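Chemist: Sequence first, predicted model second:
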2 protein chains.
Amino acid sequence: MSGRLTVVGLGPGDARWLTPEAAAALAEADALYGYAGYLDRVPPRAGQHRHPSDNREEIARARDSLAAAAAGAKVALVTAGDPGVFAMGAAVCEAIEHGPAAWRALDVAMIPGVTAMLAVAARVGAPLGHDFCALSLSDNLKPWETIERRLDAAAGAGFVLALYNPLSRARPWQLGAAFERLRRHLTESTPVVFGRAIGRADERVIVTTLAEADAANADMATLIIVGAATTRMIAREGLPPLVYTPRTGELGP
Amino acid sequence: MSGRLTVVGLGPGDARWLTPEAAAALAEADALYGYAGYLDRVPPRAGQHRHPSDNREEIARARDSLAAAAAGAKVALVTAGDPGVFAMGAAVCEAIEHGPAAWRALDVAMIPGVTAMLAVAARVGAPLGHDFCALSLSDNLKPWETIERRLDAAAGAGFVLALYNPLSRARPWQLGAAFERLRRHLTESTPVVFGRAIGRADERVIVTTLAEADAANADMATLIIVGAATTRMIAREGLPPLVYTPRTGELGP
């Protein structure tokens, strides 16, 4: 059996963030799997089979990729950002754990990439410049009470928060509820950053405060950063403000 | 004034993780600043001035880079990993906030990169596959009590932990103390990953448990990932185990 599965992080939506290692893995594959919207970012190549799938079918996509690799194909499974951060990496491991024994013998590799929170942070300064948490607001696979407990714990202990999967058509209220929850812990002037479709033509970045933060400014393609008590905003004439979290990690007032 | 400052994330120590955007920024610079150990990773180029500095001089290095940009140079300030994660991004913002007014008018850009925790995670599976925190164990700039409170909050709420700056010659006990603290919240079998010098010739990865985790296996170049109650280890015959955190985010037992 000479097949293998490589889970490739494409980075956010700009080819200038695709690492050479990821580009090489895409070039060497003879079968490409992935959500159709991400596969569209990979230029076609002669002799490569493409297997686009729907957004919600993570486990089915992981199983299909593993089955193809087990059958001898060199498979690249593409994900946006980094495969290990709210993407296909965990779904592939889960499929291996619960799948046929042969899948445990497969050559499986993960190729890291720039995850969304790093690209959003870079656009505005260094809001993740000190201790921070990455948290998914999707309650499809965990109870909302767990998310509330994590918001409380992170904000209460002075972590900056990067919020993934803030809302969707089927989950319209979660981001608004998270802002409400965070207002129990953080002052009105806490910096909040919305970063949408970073690196794409329709990129949009909003820097605001927790008092003004409006969930209506976010959609599925948005990553939100909520500062800690220490996070600062530097006004600049004629330029957007810089947002950063100092390396001194006091809990703040 | 045509100068500018670009803070460039080189990624971990392997050129295959240097993004095309970062490579372009290095090529366009006429002055390079950075810690000597990171500058050594950038191939020399005719006409470029190099300004290596010592490891601990973050603010001085940020000020020197800003002063050079303000004087008209195209400056690239290099950092390992991502500039916004425990690197030079926050130091540059801090220097701008407290520096001369002219620095606020400067063209300053951050170029994201693959940060260490993503590369370490990719080597072993997807341990950061669900909610996680990134925490620096350095108490040079924050009290140890703040670090303890953050360890308690993160582990108590079911976050996976990525520990940066675990220890150094001047701070030999912090990682051991952190493991002790985490044993109050997590079972003995909780997966722990040590990743040292990922992508370099002397790379070393250790997968163990919280019961067996020994701070003596870490140094300044090591990133440690401590699982949550939900994090799993998949044994594989003849291969290293896979470590992953399922997308279902229950708090666990």
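Modeler: That came in fine, so what should we check first? Numbering: from 1, shown residues only, chains lettered A, B, ... in the order given.
Chemist: all strands for the stretch 1-150 of chain A, in order.
Modeler: A:4-9, A:31-35, A:49-53, A:74-79, A:107-111, A:125-126, A:132-136 (DSSP state E, counting those that start in this stretch).
Chemist: Is A:R247 located within a helix, as I assumed?
Modeler: No: counting by DSSP: H, G, I helix; E, B strand; the rest coil, A:R247 falls outside a helix, being coil.
Chemist: where does chain A have low pLDDT?
Modeler: Counting by pLDDT under 70, the low-confidence segments of chain A come to A:1, A:249-253.
Chemist: can you tell me which residues contact the closest residue to A:A157 other than its chain neighbours?
Modeler: Closest residue to A:A157 apart from its sequence neighbours, by CB to CB, 6 or more residues apart in numbering or on different chains: B:A153 at 3.6 Å. For the C-beta atoms, the positions are set from N, CA and C on the backbone; glycine is no exception. By CB atoms under 8 Å, 6 or more residues apart in numbering or on different chains, B:A153 lies in contact with A:153-154, A:156-157, A:159.
Chemist: Three-state assignment for B:A153, please.
Modeler: Applying three-state DSSP: B:A153 is helix.
Chemist: residues of stretch A:53-66 that come out buried?
Modeler: A:53, A:58, A:61-66 (16 or more other CB atoms under 10 Å in any protein chain shown).
Chemist: and the nearest residue to A:G195 once chain neighbours are set aside, how many residues sit next to it?
Modeler: Leaving aside its sequence neighbours, A:G195 sits nearest to A:V120 (CB to CB, 6+ apart; 3.1 Å). Per other CB atoms under 10 Å in any protein chain shown, the neighbour tally for A:V120 reads 26.
Chemist: In this structure A:V120 contacts A:G199, no?
Modeler: No: using CB atoms under 8 Å, A:V120 makes no contact with A:G199, being 10.0 Å away.
Chemist: Spit out the contact partners of A:A73.
Modeler: A:3, A:30-31.
Chemist: repeat for A:S2
Modeler: A:G72.
Chemist: how long is stretch A:162-172 from one end to the other?
Modeler: 18 Å (CA to CA, to the nearest Å).
Chemist: my bad, should have said stretch A:170-187
Modeler: Span of stretch A:170-187 from end to end, CA to CA: 30 Å.
Chemist: Residues in contact with it: which ones?
Modeler: A:137-140, A:144, A:147-148, A:151-152, A:155-156, A:161, A:163, A:166-167, A:190, A:192, A:210, A:213, A:215, A:218, A:224, A:226-229, A:253.
Chemist: what does stretch A:30-49 give?
Modeler: A:10, A:13, A:15, A:26-27, A:29, A:50-55, A:61, A:64-65, A:68, A:73-80, A:88.
Chemist: Centre of the chain to that stretch, how far?
Modeler: 20 Å (CA atoms, centre = their mean, to the nearest Å).
Chemist: again, but for stretch A:79-86
Modeler: 6 Å.
Chemist: for stretch A:141-148, same thing?
Modeler: That offset, for stretch A:141-148, works out to 18 Å (CA atoms, centre = their mean).
Chemist: So which bits of it are buried?
Modeler: Neighbour-count burial for stretch A:141-148 flags A:142, A:146-147 (criterion: 16+ other CB under 10 Å).
Chemist: can you dump the C-alpha coordinates of that stretch into PDB?
Modeler: Taking C-alpha atoms only, stretch A:141-148 is exported to PDB below (Å, rounded to 0.1, in the frame of the first residue of the first chain):
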ATOM      1  CA  LEU A 141     -21.400  19.800  18.700                       C
ATOM      2  CA  LYS A 142     -21.200  21.200  22.200                       C
ATOM      3  CA  PRO A 143     -23.800  22.700  24.600                       C
ATOM      4  CA  TRP A 144     -24.100  26.500  24.700                       C
ATOM      5  CA  GLU A 145     -23.500  26.300  28.500                       C
ATOM      6  CA  THR A 146     -20.000  25.000  27.800                       C
ATOM      7  CA  ILE A 147     -19.400  28.000  25.600                       C
ATOM      8  CA  GLU A 148     -20.700  30.400  28.200                       C
END
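Chemist: and that stretch with chain B, contact?
Modeler: Yes: Stretch A:141-148 lies within reach of chain B by CB under 8 Å from any CB of the partner chain, at A:141-143, A:146-147.
Chemist: now, which of the residues you listed lie within helices?
Modeler: Counted as lying in helices by DSSP state H, out of these, are A:146-147.
Chemist: quick check, nearest of the residues of stretch A:141-148 next to chain B to chain B?
Modeler: Of all those, the one with the least separation from chain B (CB to the nearest CB) is A:K142, at 3.3 Å.
Chemist: Now do the phi/psi pair for that closest one.
Modeler: phi -150, psi 150 (degrees, to the nearest 10).
Chemist: ditto for A:D214
Modeler: Torsion angles, degrees, to the nearest 10, at A:D214: phi -120, psi 120.
Chemist: Name all residues that make contact with it.
Modeler: Per CB under 8 Å, 6+ apart, neighbours of A:D214: A:T208.
Chemist: From chain B, how far out is it?
Modeler: With distances taken as CB to the nearest CB, to the nearest Å, A:D214 is found 24 Å from chain B.
Chemist: likewise A:F132?
Modeler: 6 Å.
Chemist: Leaving out sequence neighbours, find the closest residue to that residue.
Modeler: Per CB to CB, 6+ apart, closest to A:F132 is A:V160, 3.9 Å.
Chemist: Contacts only, for the one you found.
Modeler: By CB under 8 Å, 6+ apart, the neighbours of A:V160 are A:127-128, A:130-133, A:225-228, A:231, A:245.
Chemist: try 7 Å
Modeler: A:127-128, A:130, A:132, A:225, A:227-228, A:231, A:245 (CB atoms under 7 Å, 6 or more residues apart in numbering or on different chains).
Chemist: What are the phi and psi values at it?
Modeler: phi -70, psi 150.
Chemist: So which residues on the stretch 151-253 of chain A come close to chain B?
Modeler: For the stretch 151-253 of chain A, the residues in contact with chain B (CB under 7 Å from any CB of the partner chain) are A:153-154, A:156-159, A:232, A:234, A:236-237, A:242, A:244-251.
Chemist: if you set the cut-off to 8 Å instead, what comes out?
Modeler: Counting by CB under 8 Å from any CB, the residues of the stretch 151-253 of chain A that sit close to chain B are A:152-154, A:156-159, A:232, A:234-239, A:242, A:244-251.
Chemist: on that earlier part again, ranking by neighbours, what's the top pick from the contacts of A:V160?
Modeler: A:P127 (34 neighbours).
Chemist: wait, it sits on A:I225?
Modeler: Yes: assessed by CB under 8 Å, A:P127 is found in contact with A:I225 at 4.9 Å.
Chemist: tell me, what's touching those two both at once?
Modeler: A:121, A:160, A:193, A:243.
Chemist: Now do the first one against chain B, distance only.
Modeler: Here A:A121 is placed at a distance of 4 Å from chain B (CB to the nearest CB).
Chemist: for that residue, what are its contacts?
Modeler: A:127-128, A:162, A:193, A:225, B:84, B:89, B:110, B:112.
Chemist: redo that, cut-off 6 Å
Modeler: Listed by CB atoms under 6 Å, 6 or more residues apart in numbering or on different chains, the contact set of A:A121 reads A:127-128, B:84.
Chemist: nearest to A:I206, of these?
Modeler: A:P127 (13.0 Å; CB to CB).
Chemist: Make sure the closest one is actually in contact with A:V243.
Modeler: Yes: with contact defined as CB atoms under 6 Å, A:P127 and A:V243 form a contacting pair (4.7 Å).
Chemist: near chain B, which residues of the stretch 1-150 of chain A show up?
Modeler: Residues of the stretch 1-150 of chain A found near chain B (CB under 6 Å from any CB of the partner chain) are A:16-17, A:19-21, A:82, A:84-85, A:89-90, A:93-94, A:97, A:104, A:110, A:112, A:114, A:118-119, A:121-122, A:125-126, A:128-129, A:131-135, A:141-142, A:146, A:149-150.
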